[in-house]
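In: What would the 3D arrangement of this be:
(one chain, ligands or ions: 1)
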Amino acid sequence: MSATDKLVLLPAVDVRDGQAVRLVKGASGSETSYGEPLAAALAWQSAGAEWIHLVDLDAAFGTGDNRALLAEVTGRLDVRVELSGGIRDDDSLRAALATGCARVNLGTAALEAPEWVAKAIAEYGDRIAVGLDVVGTTLRGRGWTSEGGDLYEALARLDAEGCARYVVTDVDKDGTLTGPNLELLRNVCAATDRAVVASGGVSSLQDLRDIATLVGSGVEGAIVGKALYAQAFTLEEALATVS
Ligand SMILES: O=C(O)c1ccccc1N[C@@H]1O[C@H](COP(=O)(O)O)[C@@H](O)[C@H]1O
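Out: Model (predicted):
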């Protein structure tokens, strides 16, 4: 269960080829560019964000990385950063944690290197979150292009290994502005007592109110991406809505 009763909002800054972008359903090539990642992150910080969800999309897709840039952005921020994308081995994990980020989010590694992830959880505790990126109930990895088994089997395994938090993304919702998958969030919360961060589909302040109804069930936070960049609402309005 979440330690707070207020939904925490995490504005997303996804970086591809040095630029802040939004994708549609995570599809490579569907990028809309929104300029400098640091400018975007600082804007969300100025608007009152307590967290930034910062993603290296090139590292997630295996098309290079933006590691130095993300380290610089993290270092320039006063707010907490959840760093994600391409963190799959000792070297990338060490580099990610050395940025000073509050926690990292592991996706592909949880599917392809479960023993390494268990070791990382044992060593770093709640600085490790696992991203459960799903189509239906099938996990996706490698930039959401490969299939990685059943959501609930992975959840049971990771719970047993002590994973503190899951970032749950409905891939088919992400970047579409069609509303969150509340049923998926309810089902995940019913299957685990660990904190859940909702990701994908937020389009309106009402969507945030809907997600906030699940705080008592274990939803701790919500990642907001496209809706902020498309100016469906402001971050100030969103924060006021969930306060
Ligand atoms: O956030 C996205 O839009 C996204 C799209 C396609 C792939 C990944 C995406 N995001 C983040 O990347 C991690 C997975 O990275 P990895 O598998 O550990 O390398 C995923 O959990 C999302 O947070």
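
In: need the contact list for C101.
Out: The contact partners of C101, by C-beta atoms under 8 Å, 6 or more residues apart in numbering, come to L54, T74, R80, V81, E82, L83. To be clear about C-beta, it is placed using only N, CA and C from the backbone, and glycine gets the same treatment.

In: Please pull up the helix or strand immediately following the helix or strand where the first one lies.
Out: The secondary structure element spanning L54 is strand 51-56 (assigned by DSSP states H and E). Heading C-terminal from strand 51-56, the first helix or strand you meet, by DSSP H and E, is helix 57-61.

In: contact partners of that next one?
Out: Residues from elsewhere that reach helix 57-61, judged by C-beta under 8 Å, 6+ apart: 14-17, 21, 23, 28, 64-67, 84-87, 92, 107-108, 142-143, 145.

In: host element of L9?
Out: L9 is part of strand 8-16 when elements are defined by DSSP H and E.

In: ok so, going back, among the contacts of helix 57-61, which lie within helices?
Out: Counted as lying in helices by DSSP state H, out of these, are R67, S92, T108.

In: What separation do you get for the first one and the ligand?
Out: The one in question is R67. 12 Å (C-beta to the nearest ligand atom, to the nearest Å).

In: What of the second one?
Out: Between S92 and the ligand the distance, using C-beta to the nearest ligand atom, works out to 9 Å.

In: Pretty sure L83 is one of the things that residue touches, is it not?
Out: No - contact criterion C-beta atoms under 8 Å: S92 and L83 do not qualify, at 10.1 Å.

In: Same drill for these two, tell me which one is more crowded.
Out: Just comparing S92 and L83: by other C-beta atoms under 10 Å the higher neighbour count belongs to L83, 28 against 19.

In: Quick check: chain neighbours aside, which residue is closest to the more buried one?
Out: Computed as C-beta to C-beta, 6 or more residues apart in numbering, the closest residue to L83 that is not its neighbour in sequence is C101, at 4.1 Å.

In: quick one: low-confidence parts of this structure?
Out: For the chain, applying pLDDT under 70 flags the ranges 1-4.

In: Quick check: residues of it near the ligand?
Out: Residues of the chain lying close to the ligand (C-beta under 6 Å from any ligand atom) are 14, 23, 26, 55, 57, 59-60, 84-88, 105-109, 131, 133, 141, 143-144, 167, 174.

In: could you redo the last one with a cut-off of 8 Å?
Out: For the chain, the residues in contact with the ligand (C-beta under 8 Å from any ligand atom) are 12, 14, 22-23, 26-28, 53, 55-57, 59-61, 84-88, 105-110, 131-133, 141-144, 167, 169, 171, 174-175, 199, 225.

In: what about the strands in the chain?
Out: Taking DSSP state E as the criterion, the chain carries its strands at 8-16, 19-22, 32-33, 51-56, 80-84, 103-106, 128-135, 138-141, 146-150, 165-170, 195-199, 219-224.

In: Burial-wise, tell me which of these comes out on top.
Out: Highest mean neighbour count of those: strand 195-199, a mean of 28 (counted as mean count of other C-beta atoms under 10 Å).
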